[in-house]
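> Give me a model of this one.
(one chain, ligands or ions: 2)
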Amino acid sequence: MIGIWILGDQLWLKQAALASCSQHENLPVILIESQQHIQARPYHQQKLVLIWSAMRHFAEELRQHKYSVTYKIAADFQTPLQAWIQANKITELRVMMPNDRPFTKVIQSLELPCQITLIANNHFLWSTSEFHNYAQGRKRLLMEDFYRQGRRRCQILMEKDQPVGGQWNLDKENRQPPKGKLNTPPAKWFAADAITLDVIDKVKSLSFPTYGEIEPFHWGVTRKQALQVLDWFIQQRLPHFGPYQDAMVTGEETMWHALLSPYLNIGLLHPLEVIQAAEQAYQEKQLPLNSVEGFIRQVLGWREYMHGIYHYVDANYSEKNWFNHTQKLPEFFWTGKTEMNCLHQILTQVQRTGYAHHIQRLMVLSNFALISGLSPQEVENWFHAAFIDAYDWVMQTNVIGMGLFADGGVLASKPYAASANYINKMSDYCKSCVYSHKERLGENACPFNFFYWNFLDQHRDKLQTQGRMSFILKNLDKMSDEELNSIRKQAQDWHINL
Ligand code: FAD
Ligand code: SF4
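Ligands and ions are numbered 1, 2, ... in the order given. Okay, the predicted model is just below:
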């Protein structure tokens, strides 16, 4: 007898383990809410609600499709699995290959009275072996090359073998700073139903540390709701997604962003349907190509690339620390209590929602962590705990690789390091800050400034090997020794005073 174990990020009726069985009527299926599993770090309460509520809703959906569903709330995985295998006389347990490597190890360490078969994962456009074949033997693994290959392979925004509109990448049109009244559309949120309210009560009663505010909880928890968010995005947000993609505005938590990662990452949506919906809207409604291409590049390019790289690199990728950064994560990452307005705004937003958009994550949170020399592993752990859409595969690559350049350039072609100048240009945060974005020394100097120059100075040798940094390093060379010494001292004192 075959039995299927469905993990909390595999909530799709067509997922590979279910699809591997020709007969689904009365097929035994199990889902397990394990408390042990979520004590690795203090997860955002809304993430726990999202996953457990989505799992419970998915169990209902499976029952409607006549699967024989067992739903267990347990301390660990081993005990309920063992009992269920024996009770159902299961001889082969099928599980779709987990996205996260640590979870594959958990499965391999289980002692179960039956055979375990891992079925190749079908939640991505490129399987791990397809990516491996693509990557092997290449001199460089640039996202842009991979993205173009993905466009050709899936025939997205293509005219024969050429990109629609003649250009592959319209990113240059998508970097407008926020100016004037923006009239952003509202986000698609949902009221919590009875199942979600039950889960909220459960999470409130947990006896171990968690993070963030649990209410208001208004994320979708079913495929039907995820499809509504997709539709809402296509109708309301995609037409203007491009131009202000990198902009940050106080009180505007989501701008024109899609809010789709929480659903994509647990299987409620498949990337291909998301990409095709955007392409269809481009064809039928003549939406601006910079917005449509910009969005499709995120899903078909970046998301697939991050997943592919995660499974391609060595398992010790998570331990990488190219700059040897060892500063501890400041407590304000957990509390949001800092006078740096950009960090305060974004950290308190993450506490409230579990969400920040890409540039808030990259150019404020991880930029600060990079230039102030925080330990990559502590920063990764924080991101993993704090975000509604965080999983090992997407954390290692985005935080260790893209955000902190701790892999020494496997993934990004240069470190995403910036001073207050960038944040002032792309946001309104500096206007209400006690620090001056123009000053790099003294009591009022913005910490992003002295940390930025200190970072360049400290790592000059390593950065010199990165071709794209030479122009910036020339500016460092123009600085007097006196100023450089003061910058070094102010950066050092900041950590001591903290
Ligand atoms: P949009 O801006 O509207 O983008 C569309 C979609 O593209 C996203 O839903 C997402 O699925 C995909 N996408 C875009 N960029 C990436 C990327 N770099 N990696 C993976 N998918 C991408 N994404 C996560 O899904 N989970 C995370 O925990 C996560 N942590 C991040 C941490 C850092 C330091 C950085 C720099 C990026 C991180 N990202 C993460 C990538 C990206 O920021 C989020 O996917 C995006 O902000 C999600 O919001 P959205 O759905 O509104 O995205
Ligand atoms: Fe952030 Fe510096 Fe601007 Fe303040 S002045 S908001 S700390 S970048």
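
> Now for residue 193: which residues touch it?
Taking CB atoms under 8 Å, 6 or more residues apart in numbering, we find residue 193 in contact with residue 221. C-beta here means a position set from N, CA and C on the backbone, and glycine is covered the same way.

> Then the one 5 residues further on?
By CB under 8 Å, 6+ apart, residue 198 lies in contact with residue 56.

> Tell me where the longest helix sits in the chain.
When the chain is parsed with DSSP state H, its longest helix is helix 45-64.

> what's it in contact with?
For helix 45-64, the surrounding residues in contact (CB under 8 Å, 6+ apart) are 6, 8-9, 11, 13, 29, 31, 33, 38, 69, 71, 195-196, 198-200, 202-204, 206, 210-214, 217, 219, 221-223, 262, 266, 268, 353-354, 387-388, 390.

> what does the stretch 351-498 of the chain have sitting close to ligand 1?
Taking CB under 6 Å from any ligand atom as the test, the list of the stretch 351-498 of the chain residues beside ligand 1 reads 357-358, 361-362, 366, 383, 387, 389-390, 394-395, 398-399, 402-403.

> 5 Å - rerun?
The interface of the stretch 351-498 of the chain toward ligand 1, taken as CB under 5 Å from any ligand atom, is made up of 357, 358, 361, 362, 366, 387, 389, 390, 394, 398, 399, 403.

> May I have the phi/psi pair for residue 92?
Dihedral angles of residue 92 (phi, psi; degrees, to the nearest 10) stand at phi -140, psi 120.

> I'd guess residue 12 is in a strand, am I close?
No. Applying DSSP: H, G, I helix; E, B strand; the rest coil, one finds residue 12 to be coil, outside a strand.

> Just the buried positions in the helix or strand bottoming out on mean pLDDT in the chain, please.
Between all helices and strands in the chain, the lowest mean by mean pLDDT, DSSP states H and E belongs to helix 470-477, at a mean of 89. The neighbour-count criterion (16 or more other CB atoms under 10 Å) identifies 472, 476 as the buried residues of helix 470-477.

> in terms of contact count, name the helices or strands touching that helix.
Contacting helix 470-477 under the criterion 3 or more CB pairs under 8 Å, 6 or more residues apart in numbering; DSSP states H and E are the following elements: helix 447-458, helix 460-464.

> buried ones in the very next helix or strand once past that helix?
The helix or strand immediately downstream of helix 470-477 is helix 481-497, counting by DSSP states H and E. Residues of helix 481-497 classed as buried under the neighbour-count rule (16+ other CB under 10 Å) are 486, 487, 490, 491, 494.

> Over to stretch 102-110?
Quick answer for stretch 102-110 (16+ other CB under 10 Å): 103, 106, 107.

> now do stretch 206-218
Neighbour-count burial for stretch 206-218 flags 210, 211, 212, 214, 217 (criterion: 16+ other CB under 10 Å).

> Retrieve the pLDDT associated with the residue of the chain positioned farthest from its centre.
Residue distances from the centre of the chain (CA atoms, centre = their mean) peak at residue 482, which lies 41.2 Å from the mean C-alpha position. Residue 482 carries a pLDDT score of 96 in this model.
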